[in-house]
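Okay, predicted coordinates and the sequence, questions at the end:
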Amino acid sequence: MEPIQSTIIEHFSTIEDPRTNNKRHVLVEVITIALCAVICGANNWVEVEEYGQAKQTWLAKFLTLPSGIPSHDTFGRIFAMLDATQFQAAFLSWMQAIHQLTAGQIVPIDGKTVRHSYDKGLGQNAIHMVSAWASEN
């Protein structure tokens, strides 16, 4: 049996790069950063860029990042040019591979920030809590 291809790069590298010039960033890497950011809660291109900047050291372990993290404007421009059908096909292929690898088992994760748990005067950050649920089948 052939191993299941499960990485973002393996599934999204099939998308044609719509840019004709100024390819400072590798397309599949731009997509990878954006997907990771959205999975982690980013809701707009500014937050995607902020995620990339915050996680650049980690991302550099598996991405080349020849020009660093793209700006939020670059993310927006590139995604506006992508072929939606190609992106949908790559995303569906990736999700199907993940479903196969996990045998359909998913561990739901929820995160919360405790309101008013920070104290700027004392330099105390807010309390963040993460919960995960798993069930036996």
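Looks like it came in fine.

Looking at stretch 78-86 now, give me its mean pLDDT.
Averaging pLDDT along stretch 78-86 gives 94.

Give me the buried stretch members for it, please.
When neighbours are counted by 16 or more other CB atoms under 10 Å, the buried residues of stretch 78-86 are found to be 78, 82. No exception for glycine: its C-beta is placed from N, CA and C like everyone else's.

I'd like to know which elements the helix or strand containing Ala90 is packed against.
Assessed by DSSP states H and E, Ala90 sits inside helix 84-101. With contacts taken as 3 or more CB pairs under 8 Å, 6 or more residues apart in numbering; DSSP states H and E, helix 84-101 sits against helix 8-12.

Now do the helix it packs on: everything it contacts.
With contact meaning CB atoms under 8 Å, 6 or more residues apart in numbering, helix 8-12 is reached by 5, 28, 31-32, 35-36, 62, 87, 90-91, 93-94, 97.

got those residues as JSON lines, with neighbour count and distance to Pro18 columns?
JSON lines is the format used below for the contacts of helix 8-12 (neighbours: other CB atoms under 10 Å; distance: CB to CB, whole Å):
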{"residue": "Gln5", "neighbour count": "12", "distance to Pro18": "24"}
{"residue": "Val28", "neighbour count": "20", "distance to Pro18": "13"}
{"residue": "Ile31", "neighbour count": "23", "distance to Pro18": "12"}
{"residue": "Thr32", "neighbour count": "20", "distance to Pro18": "17"}
{"residue": "Leu35", "neighbour count": "16", "distance to Pro18": "18"}
{"residue": "Cys36", "neighbour count": "17", "distance to Pro18": "21"}
{"residue": "Phe62", "neighbour count": "12", "distance to Pro18": "24"}
{"residue": "Phe87", "neighbour count": "14", "distance to Pro18": "11"}
{"residue": "Ala90", "neighbour count": "21", "distance to Pro18": "14"}
{"residue": "Phe91", "neighbour count": "16", "distance to Pro18": "17"}
{"residue": "Ser93", "neighbour count": "15", "distance to Pro18": "19"}
{"residue": "Trp94", "neighbour count": "19", "distance to Pro18": "20"}
{"residue": "Ala97", "neighbour count": "16", "distance to Pro18": "25"}
